[in-house]
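**Student:** My questions concern the predicted model and sequence given below.
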Amino acid sequence: MTSTTPASAGHHTEGPATIGDVPGAPAAARAERLVRRVVGGADSAPVQMRAPFTGQPIATLPQATDADVRAVFDQAREAQRAWAERPVEDRQRILIRLHDLVLKRQEEALDLVQIEAGKARMDAFDEVSATALVAAYYGKHSAKILSPRRAAGLIPVLTKVGEIRHPKGVVGIISPWNYPLALTAMDVLPALAAGNAVVQKPDNQTALSALWLQEVAEEAGLPAGIWQIVLGRGSQIGDALVEESDYLCFTGSTPTGKGLAAKVAERLTSYSLELGGKNPMIVLPDADIAKTATGAVTACFSSAGQLCVSVERIYVHESIREEFTRAFVAKTAALRLGGALDYQAQMGSLTSEAQLETVSAHVEDARAKGAKVLTGGKARPDLGPLFYEPTVLTDVSEDVKLFAEETFGPVVSIYGYTDVTDAIERANDTKFGLNASVWSRNGRAGWEVAARLKAGTVNVNEGFAATFGTVGLPMGGMKESGVGRRNGAEGLLKYTEAQAIAVQRGMPLRPGRGIPPKLWARGLSAGLKALRRLPRR
């Protein structure tokens, strides 16, 4: 196949993309109010951020110093003591109110996410819905998850034991630019529910979305000072964040995550990392072609492919490869690109010049080494400075950069296979293991293939949303895609320290006066044998 015509130009935001000037955007006063929530920055030069849709300024952000960050942690420690003493049910009620306010005020959030990240509005809504789901889940289940746990003691009846949970203290959270609202919620809200204070460093590009959620959380009842936001480059304030945090949560690149893990290890504190991915999709021979092609478009091009769990590799059985490719390319070429603050566009722009450079370089490298561009394959400056067409490639060889490296943009390559075991092995042949997708009319067959994939989450007949949106499930990566999990009980308990308490009554655990040690050992051995024969409970 040859390259198709470019994707439709769709809707395009004209004029300056300042917060106050984009039609339907929040007023400039709202942006100024949010920026005032940033802590520190009096002693360093501010940074001006620009809208991906047009390149025009959207906000001037203060940048914290190392001293600013350390002072913020001191303040957070003071505030955290009282917060931890409040019943967890109080913290749950705040999260439930936050859920309601996020949905009530979602138009504000949708505008902010679109303006800062360059997303289509439907992709921005994914963030709103994920935020509400996280608030509701921990608003309902935190007390149960954190409740003291009873266990069988060493000596039945006489040894009473239990496990209780204490908050870590002050959690440092470094958030990425690509999902500024949803990933803030997924990391910050359970940390707060567990009784911690939070010092968050969102990316400068999308800081307003995090500041908006912080503002709404305080409106829902979160005490001021429990969640504080600082801004700055990692090279300037990264050491302070690592050295002051009682627990560090990071989402970003694998190389940066490895560096942070090494620094945290020196302090013997703990951390969680969600890192890179090169996520595969396997299409089994019985898959519904039309539904799979439609699902693949969402799996590959949501948020212009700037999603850690989006699909970048598709393995299709040779018996249906040509038919699937034809359907998928047609649906991809028909996507509407645009930057208006409405639901008309199906894909927005990339978020930064760096991402545009990476995407362009990966595609040109593939093209130069013999890959075929079936649709897309070029930037669209006529729409805005960072727009790039959704791109489908085939005949990609192993020496091509995008074969194994994460592109993190609207680019996917298609490969054929004849044996499902081979497809699984090729899907697993990567240093990453974040997300995967399997498509089949037979749910059981899809599940069996999914269980053989080395990825933290696997979706059958879905790209990523089924696991991403099920907050009760843990989400995270295997191999170099990360350490630890967010969401579910694990996403809450990781922010706590487990403490075991035992109360011993009656019989001592060492020989009493006048009892020969050898006789004591024989008696205890007999008791242990008897305990082993007791039925399990």
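**Tutor:** All right, it came through fine. Model, not experiment: these values are computed from the prediction.
**Student:** only C-alpha atoms for contact and neighbour calcs from this point on.
**Tutor:** OK.
**Student:** Tell me which residues are up against stretch 301-310.
**Tutor:** Outside of stretch 301-310, the residues within contact range by CA atoms under 8 Å, 6 or more residues apart in numbering are 119-120, 123, 178-179, 275-277, 279, 299-300, 311, 347-350, 390, 408-411, 434-436, 463-464.
**Student:** Okay, and which of these map to helices?
**Tutor:** The helices in this structure, assigned by DSSP state H, contain 123, 299-300 from the contacts of stretch 301-310.
**Student:** of those, closest to Glu218?
**Tutor:** Glu218 has its nearest neighbour among those in Asp123, at 25.7 Å by CA to CA.
**Student:** Leu260 reaches Val242, doesn't it?
**Tutor:** Yes. Using CA atoms under 8 Å, Leu260 makes contact with Val242 at a distance of 7.4 Å.
**Student:** Nearest residue to the middle of this protein?
**Tutor:** Residue closest to the mean C-alpha point of the chain, counted by CA atoms, centre = their mean, is Leu183 at 4.9 Å.
**Student:** Nearest residue to that one in space, ignoring adjacent ones along the chain?
**Tutor:** Nearest in space to Leu183, with sequence neighbours left out and distances taken as CA to CA, 6 or more residues apart in numbering, is Ser175 at 7.0 Å.
**Student:** The residue nearest to the centre of the chain sits in which helix or strand?
**Tutor:** Using DSSP states H and E, Leu183 sits within helix 182-193.
**Student:** For that helix, name the packing helices and strands.
**Tutor:** Under the contact definition 3 or more CA pairs under 8 Å, 6 or more residues apart in numbering; DSSP states H and E, helix 182-193 sits against helix 88-104, helix 121-146, strand 170-174, strand 197-201, helix 488-493.
**Student:** got the CA positions of it in PDB?
**Tutor:** C-alpha atoms of helix 182-193 as PDB (Å, rounded to 0.1, in the frame of the first residue of the first chain):
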ATOM      1  CA  ALA A 182      -5.400  11.700  36.200                       C
ATOM      2  CA  LEU A 183      -1.900  10.800  37.300                       C
ATOM      3  CA  THR A 184      -2.000  13.500  40.000                       C
ATOM      4  CA  ALA A 185      -5.100  12.000  41.400                       C
ATOM      5  CA  MET A 186      -3.900   8.400  41.200                       C
ATOM      6  CA  ASP A 187      -0.800   9.200  43.200                       C
ATOM      7  CA  VAL A 188      -1.800  12.000  45.500                       C
ATOM      8  CA  LEU A 189      -5.200  11.000  46.600                       C
ATOM      9  CA  PRO A 190      -4.300   7.600  48.100                       C
ATOM     10  CA  ALA A 191      -1.300   9.100  49.800                       C
ATOM     11  CA  LEU A 192      -3.600  11.600  51.500                       C
ATOM     12  CA  ALA A 193      -6.200   8.900  52.300                       C
END
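**Student:** What average pLDDT does that helix get?
**Tutor:** Averaged across helix 182-193, pLDDT comes to 98.
**Student:** How far does it sit from its chain's centre?
**Tutor:** Put simply, helix 182-193 sits 10 Å off its chain's centre (CA atoms, centre = their mean, to the nearest Å).
**Student:** Over to stretch 492-512?
**Tutor:** Put simply, stretch 492-512 sits 36 Å off its chain's centre (CA atoms, centre = their mean).
**Student:** Name the surrounding residues that touch that stretch.
**Tutor:** Residues from elsewhere that reach stretch 492-512, judged by CA under 8 Å, 6+ apart: 142, 145-146, 153, 158-168, 171, 190-191, 193-194, 196, 247, 484, 486, 517, 520.
**Student:** which residues are in contact with the helix or strand where Ala423 lies?
**Tutor:** In this assignment (DSSP H and E), Ala423 forms part of helix 420-428. Applying CA under 8 Å, 6+ apart, the external contacts of helix 420-428 come out as 280-282, 284, 315, 417, 449, 452-454.
**Student:** Any chance of a markdown table for those residues, columns neighbour count and distance to Trp212?
**Tutor:** As requested, these are arranged in a markdown table below (neighbours: other CA atoms under 10 Å; distance: CA to CA, whole Å):
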| residue | neighbour count | distance to Trp212 |
| --- | --- | --- |
| Pro280 | 31 | 34 |
| Met281 | 30 | 35 |
| Ile282 | 27 | 38 |
| Leu284 | 26 | 43 |
| Tyr315 | 23 | 40 |
| Tyr417 | 20 | 47 |
| Val449 | 22 | 41 |
| Arg452 | 13 | 41 |
| Leu453 | 21 | 38 |
| Lys454 | 22 | 36 |
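**Student:** Looking at the helices and strands packed on helix 182-193, spot the one closest to Glu480.
**Tutor:** With CA to CA as the criterion, Glu480 lies closest to strand 170-174 of the helices and strands packed on helix 182-193, at 18.1 Å.
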